[in-house]
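Undergrad: Test case, fold it:
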Amino acid sequence: MEMKQHANAMLMASFAADALSLGAHWIYDTNEIKEKFNRVDGYFQPLPESYHQTKVKGDFTHYGDQTLLLLEALSETSSFELDRFSRMWRSRMADYTGYKDHATKTTLSNLSDGASAETAGSASTDLGGASRIAPLAYLYCNSLNELVGSSRQQSAMTHNDPMVVEAAEFFARLVYLVLHGEAPKNAADKAVSDMGQPAALIKGIEKALSSVPDNTIDTIGRFGQSCGIPAAFPSVMHLIFKFEMDLKTALVENVMAGGDSAARGMLAGMVLGAHHGDDALPAHWLSEMSHLSTIRTLTGKINIQP
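TA: The predicted structure follows:
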């Protein structure tokens with residue numbers, strides 16, 4: 001029961017992080033965020049000039065919508081099947097009324113040209129490709145090999161850059177270890193060790209550790225607020241390490257730091273939700289989430305693998 005409760009919190013925290021980011025997503029001027037939203041500790045309507053102007057308060061960005069689609073795909077068979085997910089993803093994203101990023105457009109084009117689910121992915125280095133894995137961690141919370149393999153596959157389906165796929169594996173290993181009782185720092189050390197000490201990830205972790213005493217807005221500004229792995233990966237790890245005991249502040253500070261807060265927040269929320277369980281998540285973040293009932297219905301259909 002405790003494992004399932006933490007797995008549920010992990011999933012809900014990842015979705016909540018995305019919804020929290022929606023209003024200020026991709027605003028890079030942190031002063032503008034303060035002026036227009038004060039402190040983002042709840043959900044906000046996107047601004048009229050936003051990339052997400054078709055959305056309303058409590059909705060998800062395009063990252064969260066694709067994560068919800070992945071959860072739906074998993075609920076049908078309680079397993080990850082790349083071809084099934086690819087077909088569902090192509091059907092939904094072709095007519096998607098929210099923002100379509102470059103990776104989505106490129107992948108749709110490649111699929112239309114006859115590419116397979118394994119080869120259609122864009123060359124995008126955006127962390128967003130790896131940020132969708134919380135539903136897989138929910139399903140495979142007891143099966144590391146299945147979680148790692150499916151996380152790599154789903155990420156590569158749209159973001160087939162080695163850095164993104166490697167990051168997806170790292171976060172899969174990290175959240176698995178946290179769900180099984182490891183503290184985030186120890187889990188990060190073990191995850192990179194089990195992956196053979198990848199230099200880029202170790203460098204990002206070291207940067208994050210050294211930044212723990214520093215202000216988060218300044219730190220993410222220094223690392224880079226953009227979508228790409230080189231900036232986003234150490235920023236996510238900074239949030240996890242600095243706010244290990246405070247999920248809410250981690251996700252609020254993440255949004256206040258600007259840029260691609262949605263991708264960062266989904267992964268930080270996933271790990272910290274797994275660490276703390278349901279009590280760490282503000283109740284109104286759940287009650288005001290547009291797709292809460294859908295998420296609960298879908299998770300109710302999933303048989304967590306033994």
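
Undergrad: what ranges do the strands span in the stretch 51-200 of the chain?
TA: For the stretch 51-200 of the chain, no strands are identified by DSSP state E, counting those that start in this stretch.

Undergrad: tally of neighbours for the closest residue to residue 150 other than its chain neighbours?
TA: Once flanking residues are discounted, residue 150 sits nearest to residue 80: 4.0 Å by Cβ to Cβ, 6 or more residues apart in numbering. Glycine gets a C-beta too; all of them are placed from N, C-alpha and C. Other residues near residue 80 number 21, with proximity taken as other Cβ atoms under 10 Å.

Undergrad: cool, residue 197 as well?
TA: 9.

Undergrad: I'd like the distance between it and residue 267.
TA: Using Cβ to Cβ, to the nearest Å, residue 197 is found at 21 Å from residue 267.

Undergrad: cool, and residue 184?
TA: 12 Å.

Undergrad: More neighbours: which of these two?
TA: A direct count of neighbours by other Cβ under 10 Å for residue 184 and residue 267 places residue 267 higher, at 31 against 21.

Undergrad: check contacts around that one.
TA: By Cβ atoms under 8 Å, 6 or more residues apart in numbering, the contact set of residue 267 is 14, 127, 130, 131, 171, 236.

Undergrad: Pick out the most distant pair among these.
TA: Using Cβ to Cβ, the two most remote members of the contacts of residue 267 are 14 and 127, lying 13.2 Å apart.

Undergrad: List the contacts of residue 166.
TA: Applying Cβ under 8 Å, 6+ apart, the residues near residue 166 are 195, 198, 200, 201.

Undergrad: Show the pLDDT at it.
TA: For residue 166, the model assigns a pLDDT of 98.

Undergrad: Quickly note the distance from it to residue 157.
TA: Separation of residue 166 from residue 157 (Cβ to Cβ) stands at 15 Å.

Undergrad: can you check residue 55 too?
TA: 24 Å.

Undergrad: Same check on residue 234?
TA: Per Cβ to Cβ, residue 234 is found 25 Å from residue 157.

Undergrad: swap in residue 36?
TA: To residue 157, residue 36 is 35 Å away according to Cβ to Cβ.

Undergrad: quick one, which of these two is more surrounded?
TA: residue 157 (26 against 14).

Undergrad: check contacts around the more buried one.
TA: With contacts defined as Cβ under 8 Å, 6+ apart, the neighbours of residue 157 are 82, 85, 86, 89, 107, 117, 118, 120, 121.

Undergrad: top of the residues you listed by neighbour count?
TA: Neighbour counts for those (other Cβ under 10 Å) peak at residue 107, which has 26 neighbours.

Undergrad: Settle this for me: that residue is touching residue 120, isn't it.
TA: Yes: using Cβ atoms under 8 Å, residue 107 makes contact with residue 120 at a distance of 5.2 Å.

Undergrad: hey, what's in contact with both of these two?
TA: Shared between the contact lists of residue 107 and residue 120 (criterion: Cβ under 8 Å, 6+ apart) are residues 157, 158.

Undergrad: name the helices or strands packed onto the top helix by length along the chain?
TA: Longest helix of the chain, by residue count under DSSP state H: helix 2-21. If you count contacts as 3 or more Cβ pairs under 8 Å, 6 or more residues apart in numbering; DSSP states H and E, helix 2-21 packs onto helix 62-77, helix 134-139, helix 162-179, helix 247-256, helix 261-276, helix 283-287, helix 292-301.

Undergrad: That concludes my questions; thank you for your assistance.
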